[in-house]
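Q: what's the 3D shape of this:
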Amino acid sequence: MTVEEEKFQHEYLNRFHYADRTDDGYGPDSPRIGDKGFAVTYSVMDSMRSIPFTVEVEPTTGLPALHTNTGEWMGLFDFAVSPSRELYLHERAHGTAVTYSNGVDECADLTPPYEGIETVMWKHGRLYTADGERPVTGDDDAFDLTDALIRLDYEPVKGKIKHEQII
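A: As a prediction, the model looks like this:
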């Protein structure tokens, strides 16, 4: 997947939100590829139907959608506009962040990229793009690089110093 495709997916998914979540609570409240949860539909007779799903790319349209355990595809838009349908996040898909230091700054390579950003650096108490020009998020309440990466739903893994990339 290209960076442009991944950025489009995030922009598309950011328009939708979970009604509630039972995971660890970090990261956006919007769906992400690989998330697992339950699609709940309420009927007129006060009955409730709960269907397990995974957020995947629907092969026909190329858009993120809900893939149920029965093999059925459900569009996110249907849940956004219906007052009798809700999505609940059960398990967040985590990315991996390989952390390293060049002696001056702490950095991390993100897999998959976070909204098109592949490398971040920790300075002044927040995450910045690799060139250090713009903050990655509006949040600045993390204690350190590890905490900031966990809040973005990345699993920090210690790496080696990258000699070819001096920031």
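Q: can you list the residues that contact the helix ranked longest in the chain?
A: What stands out as the longest helix in the chain, according to DSSP state H, is helix 3-13. Here helix 3-13 makes contact (CB atoms under 8 Å, 6 or more residues apart in numbering) with 30-33, 55, 57, 63-64, 76, 112-113, 115-116, 118. Just so you know, the C-beta spots here come from the backbone N, C-alpha and C atoms, and that holds for glycine as well.
Q: Over to stretch 101-110?
A: Contact partners of stretch 101-110, identified using CB under 8 Å, 6+ apart, comprise 95-100, 117-123, 130, 145, 149, 152, 154, 156, 159, 161-162, 165-167.
Q: What about these, which are in helices?
A: Here DSSP H is the test, and the contacts of stretch 101-110 give Leu145, Leu149 as lying in helices.
Q: Please flag which of the contacts of stretch 101-110 sit within strands.
A: Using DSSP state E, the subset of those located in strands is 95-100, 117-123, 154, 156.
Q: Flag whichever of those residues scores worst on pLDDT.
A: Least confident entry in the ones in strands among the contacts of stretch 101-110, by pLDDT: Gly95, with 78.
Q: Wait, that residue touches Tyr114, no?
A: Yes: with contact defined as CB atoms under 8 Å, Gly95 counts as touching Tyr114 (7.4 Å).
Q: the more surrounded of the two?
A: Shown here are Gly95 and Tyr114; by other CB atoms under 10 Å, Tyr114 has more neighbours (24 against 18).
Q: Between strand 117-123 and the longest helix of the chain, find me the angle.
A: 80 degrees (axes from the mean of the first three to the mean of the last three CA atoms, to 10 degrees).
Q: Strand partners (parallel or antiparallel) of the next helix or strand after helix 3-13?
A: Under the assignment DSSP states H and E, the closest C-terminal helix or strand after helix 3-13 is strand 20-21. Strand 20-21 pairs in its sheet with strand 85-91 (parallel), by DSSP bridges.
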